[in-house]
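Colleague: got a predicted structure here, sequence first:
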2 protein chains.
Amino acid sequence: MKATALHLPTFKEAPADAEVISHKLMTRAGMIRKLAGGIYTYMPLGLRVIRRIEAIIREEMDAAGAIELLMPVVQPAELWMESGRWEEYGPELMRVKDRHEREFVIQPTSEEVITDLARQDLRSYRQLPKNFYHIQTKFRDERRPRFGIMRGREFTMKDAYSFDRNPEAALASYQKMFDTYIRIFDRLGLDYRAVAADTGSIGGSASHEFQVIADTGEDALIYSTGSDYAANIELAEAVPLLATRMAPTQPLTKTATPGQARCEDVAAYLKLPLDRTLKSIVLSTEKPGADGQTEVTVWLLLLRGDHEMNEVKVGKVPGLKGFRFATEAEILEHFGSKPGYLGPVGMKKPVRIVADRTVANMSDFVCGANEADYHYTGVNWGRDLPEPAAEGEIADVMVADIRNVQAGDPSPDGKGTLAIQRGIEVGHVFFLGTKYSEAMNATFVDEDGQSKPLQMGCYGIGVTRLLGAAIEQNHDEKGIIWPAAIAPFEVVVCPMGLERSESVREAVDSLAAQLEAAGIRHVVDDRNERPGVMFADWELIGVPLRITVGDRGLKEGLLELTVRRGLETRKLPPAEVLAEVQKLLPTL
Amino acid sequence: MKATALHLPTFKEAPADAEVISHKLMTRAGMIRKLAGGIYTYMPLGLRVIRRIEAIIREEMDAAGAIELLMPVVQPAELWMESGRWEEYGPELMRVKDRHEREFVIQPTSEEVITDLARQDLRSYRQLPKNFYHIQTKFRDERRPRFGIMRGREFTMKDAYSFDRNPEAALASYQKMFDTYIRIFDRLGLDYRAVAADTGSIGGSASHEFQVIADTGEDALIYSTGSDYAANIELAEAVPLLATRMAPTQPLTKTATPGQARCEDVAAYLKLPLDRTLKSIVLSTEKPGADGQTEVTVWLLLLRGDHEMNEVKVGKVPGLKGFRFATEAEILEHFGSKPGYLGPVGMKKPVRIVADRTVANMSDFVCGANEADYHYTGVNWGRDLPEPAAEGEIADVMVADIRNVQAGDPSPDGKGTLAIQRGIEVGHVFFLGTKYSEAMNATFVDEDGQSKPLQMGCYGIGVTRLLGAAIEQNHDEKGIIWPAAIAPFEVVVCPMGLERSESVREAVDSLAAQLEAAGIRHVVDDRNERPGVMFADWELIGVPLRITVGDRGLKEGLLELTVRRGLETRKLPPAEVLAEVQKLLPTL
């Protein structure tokens, strides 16, 4: 391939709306071009990377026995009504009407269409297991598209759907996809981590996210330094940091804490460690009351002062599904005080209390006195407050894991301590169970003659998001550093003075012929640009290896081979270059 | 590939809504599955054919120097307003609103997006020529989707767009694409014809359609038996069938023709040849009048009784752009008679007359007398009617080519006569000129320092429609007969008694290994179905070659090789099969 046969629009400046490095670099390197908010054209170089990623995904999916098909972008609303997602899905679901006023969606995923196909075609246990996938354009109408193609509206996703006879077989299919994803992400050349994830509203019993490690990632990944435990922060279990509760040693004392509303301020003011303070968070849940009115329940959640609430965990506490933060009026009504001075002692009206596991074992602690500018010190369970119920019991004062783990916490498997990395979610495997098959009546006849719902799994990889994630992980101040496996080209040949030097032209032609014969994806920069422009362009674009061919080097019988990562250059005789390239590429 | 690793849902019955053979066969063979009107899932076998077609298109487009990118499916309305197509495009354009009520379209083509990209990136003549293409999902909200994927709503198209400095360079780009299309359709293995086509509302000066020849095609293709003249019927020029006009020999006579309203009936009733009669068609055009009212002009079009009106040609007659058929009231007002007895002699109010070229040279002809149940015979120009103006002149009685050519007409290039075939349009190349670049201000700076609009061409291939067209052309009563180049598999191996015969298993494994090593796309039917089921399935699916392996044959040292087209079987020693397959495939 010659550079003049490409379109290489590179830019010195990043677009004004680019918040993250991958968005800036992809735009500057001419890999994407914004068309509208969250909607991008994939330029020739960007498309080359997409095709590489797709090829690797296809090879591994096919090898795992998954069957490729292609489901439509535009899907009839009726199927989405059957599954319930027409109602469930929020405004991210792009809904359209055709000329006959019939309703359709622009698909964000294809559970409904594949389940509809399965209920037509998979009627007998003899046809199972089956796993269908497609690589197709998706649309999600994000309220605020950002981070370039990482949270775009139109994007490409590989989504696979497995169908099995029973949960055991479905989990085997799940494991097969998990293993396949490991092979895919290994081949893509990215540093990643598979973490257990919350199954969220989809339900089911197993879910893992595949996260590309990057400091700029939106997700926090938790892993143990002493075992292979790994989970995202939504799911990672926080164990109590106090094994048992100490007996009280202090009296309950109301103390003036003028203007000290935050735990950090109270601790500093009282010269106490932060882990002696209690953080009070007031939530509300609503349900329809007997008289048609809404019945509100107010909850007080208690966390240690240095801990953060985990909203996903809170949502799983019995009674707290669908919670919201309490209004100021609700807080005033129940506590008689404004936020900042709230606590479980001396409330105005009873509320339901949920103490974090660690809080349940605290003693002599500090909490708000439900009066502005006052806190209690020396607070103790069972003396100043009712004794909490055992974890798992429904009671007025319950105990649950409701906090985010922190670096240094013990691993929940008892081996080692937890550490935190940032990650970008690029894959997700999900055991769905019968959520869709029951809603859509997708059944098969089992060996015993019984009709049973198909057991399903779904498995996604964000193809276009992977481009962004790869760059967030692999870049420097000069530009992108593509892993060789997905780079638009593995090698760029930069000739100095191609037009005027016959020997340069011959050396370049010979090199290109060798690379071609060896099946190495390469480009010759025949644009006759100055070396500085050539180097800057290809360093920005991120081709892993550069071979510089110049008259001066040729006179000494040497070419220059530069590794993009680190930009280290070595000089080699032309006859040795190909072997060196072949040796280096698998390591890049 | 093993058949058990595929999903092969074949059906005995075609869907009730299938009107054409390709739709019936693709559904029965499990290649497509209907999801909604005009929206289909491409099943694994159908997708394999699509991927073959795409691969051939990509190779040839890349070889022609075209640059692949990927433009979005969802495009902002603003660009379509700039080009004018937001207004021009009818209800086929699928319009959608996002959550912020901003308007978008689901693209039917991408002229706007590529022109927007060109005006950003192509600023200098030094960057020209450029040709960008993508293969992307399109949507056209057909009022009545039909013919399966041949006139679907969601479909896949390859669309390319060229940018040049001047019309000469643009025509060279056009020719390059024309030649590329010839190579593509040759490689696809289809019988096709490139025909000159009308440029229609897009304007510009050149356009060719690529039509797959099929009796069931919607389009009529005209070609000369004595030259390479070829055009679609909308464009094909009809020459006058009478070289000169004979002098009148008959008097004008009003003749009773009771109940004879059609030319055929009149000719039979009067015992005259049909080519002595005149067909009168009344059209109307509208324009805004001086007083804000609509001003209607009524036209009388005259065709020989055995000729058909060509609406595209009529629309090009000066004054007739945007014509409609006249209302009964308008006809009565101007002719004083109901349709069936109309003619140019003795009208009630003057109308504008357009005579077809052949009509202008007729003499002693028959036409309606503008009175129910009466015709005139012996009608003559210049005596009973004003002499028509010369062709091309604007006058009250004009002459123009307004009819469809008929088989047997002289070719307009003077060489041979015209013949007609039916075709399915699968490709279209278009010289656009500056229609989009001027509307969207896409200019470049030429060598002379002047800013000039880019000269554009656009080039489409209906990828998914090609599947249907290939089948319309290649099928028999058993099913599809794929050209080998695009077949889902080139060879199917059908073992008899795979489970019970060790020698069959060995022969099949050996054969599969040979085919694999030779790079021949093959499938082994390991489903353990009866031979009749296997053969019927693969004949329906249309794999070009079948190798049958059975114990009886093996004892004789022979395998059976069956060619799908014709279903002729030959017996061969196993050692000769591969060579025979390799010899046959390029011919299939």
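Modeller: Nice, I can see it.

Colleague: leaving out the residues flanking it, which one is nearest to the residue in the stretch 251-400 of chain A positioned nearest to chain B?
Modeller: With C-beta to the nearest C-beta as the measure, A:Arg324 is the residue of the stretch 251-400 of chain A nearest to chain B, at 21.6 Å. For glycine as for every other residue, the C-beta is placed from the backbone atoms N, C-alpha and C. Excluding the flanking residues, the one nearest A:Arg324 by C-beta to C-beta, 6 or more residues apart in numbering or on different chains is A:Ser284, at 5.6 Å.

Colleague: ok but the one you found is inside a strand, no?
Modeller: Yes: counting by DSSP: H, G, I helix; E, B strand; the rest coil, A:Ser284 is located in a strand.

Colleague: show the contacting residues for it.
Modeller: Listed by C-beta atoms under 8 Å, 6 or more residues apart in numbering or on different chains, the contact partners of A:Ser284 are A:296-299, A:323-327, A:330.

Colleague: swap the cut-off to 7 Å and go again
Modeller: Going by C-beta atoms under 7 Å, 6 or more residues apart in numbering or on different chains, A:Ser284 touches A:296-298, A:323-324, A:326, A:330.

Colleague: got a quick ChimeraX command for the buried subset of those residues?
Modeller: Here is the ChimeraX command that selects the buried residues among these (16 or more other C-beta atoms under 10 Å in any protein chain shown):
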select /A:298,323,326,330
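
Colleague: of the contacts of A:Ser284, which belong to helices?
Modeller: Among the contacts of A:Ser284, the members falling in helices are A:Glu330 (criterion: DSSP state H).

Colleague: residues near the residue of the stretch 151-300 of chain A found nearest chain B, how many?
Modeller: Nearest residue of the stretch 151-300 of chain A to chain B: A:Glu154, at 5.1 Å (C-beta to the nearest C-beta). Using other C-beta atoms under 10 Å in any protein chain shown, A:Glu154 is surrounded by 25 other residues.

Colleague: what distance do you get for it to B:Arg51?
Modeller: 22 Å (C-beta to C-beta, to the nearest Å).

Colleague: before we move on, the earlier item: can you pull up the bridge partners for the residue nearest to A:Arg324?
Modeller: When bridges are called by DSSP bridges, A:Ser284 pairs up with A:Val298, A:Arg324.

Colleague: what's the distance between it and A:Arg352?
Modeller: Relative to A:Arg352, A:Ser284 is positioned 10 Å away (C-beta to C-beta).

Colleague: intersection of neighbour lists for those two?
Modeller: Counting by C-beta under 7 Å, 6+ apart, the contacts common to A:Ser284 and A:Arg352 are A:Thr297.

Colleague: could the contacts of A:Ser284 go into TSV alongside pLDDT?
Modeller: Listed next are those as TSV, based on pLDDT from 0 to 100:
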residue	pLDDT
A:Val296	93
A:Thr297	94
A:Val298	96
A:Phe323	95
A:Arg324	95
A:Ala326	95
A:Glu330	95
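
Colleague: now, the most widely separated pair of the contacts of A:Ser284?
Modeller: Farthest pair in the contacts of A:Ser284 (C-beta to C-beta) is A:Phe323 and A:Glu330. Separation: 12.2 Å.

Colleague: thought A:Tyr42 was touching A:Arg51?
Modeller: No: using C-beta atoms under 7 Å, A:Tyr42 makes no contact with A:Arg51, being 9.8 Å away.

Colleague: those two: which is more packed in?
Modeller: Shown here are A:Tyr42 and A:Arg51; by other C-beta under 10 Å, A:Tyr42 has more neighbours (25 against 17).

Colleague: stretch A:82-101 close to chain B?
Modeller: Yes: if you take C-beta under 7 Å from any C-beta of the partner chain as the test, stretch A:82-101 does meet chain B, through A:91, A:94, A:96, A:98-99.

Colleague: between its first and last residues, how far does that stretch reach?
Modeller: Counting by C-alpha to C-alpha, to the nearest Å, you get 19 Å between the two ends of stretch A:82-101.

Colleague: returning to what we had before: wait, the residue of the stretch 151-300 of chain A closest to chain B sits on A:Thr137?
Modeller: Yes: counting by C-beta under 7 Å, A:Glu154 does reach A:Thr137; the two are 6.3 Å apart.

Colleague: joint contacts of those two?
Modeller: With C-beta under 7 Å, 6+ apart as the test, A:Glu154 and A:Thr137 both reach B:Val73.

Colleague: ok, A:Glu311 - how many residues close by?
Modeller: The tally of other residues near A:Glu311 (other C-beta under 10 Å) stands at 14.

Colleague: who's in contact with the residue nearest to A:Phe11 when sequence neighbours are not counted?
Modeller: Closest residue in space to A:Phe11, ignoring its immediate chain neighbours: A:Arg28 at 4.7 Å, by C-beta to C-beta, 6+ apart. Residues in contact with A:Arg28 (C-beta under 7 Å, 6+ apart) are A:10-11, A:14, A:540.

Colleague: residues near A:Gly414, how many?
Modeller: The number of residues packed near A:Gly414 is 11, by other C-beta under 10 Å.

Colleague: hang on, it in a helix?
Modeller: No: read with three-state DSSP, A:Gly414 is coil and lies in no helix.

Colleague: is whichever residue of the stretch 451-588 of chain A sits closest to chain B within a helix or a strand, and which one?
Modeller: Residue of the stretch 451-588 of chain A nearest chain B, by C-beta to the nearest C-beta: A:Thr464 (9.6 Å). Remark: A:Thr464 resides in helix A:463-473, with elements defined by DSSP states H and E.

Colleague: the helix ranked longest in chain A close to chain B?
Modeller: Using DSSP H, we find that the single longest helix of chain A is helix A:167-188. No: using C-beta under 7 Å from any C-beta, helix A:167-188 stays clear of chain B, with a minimum separation of 13.7 Å.
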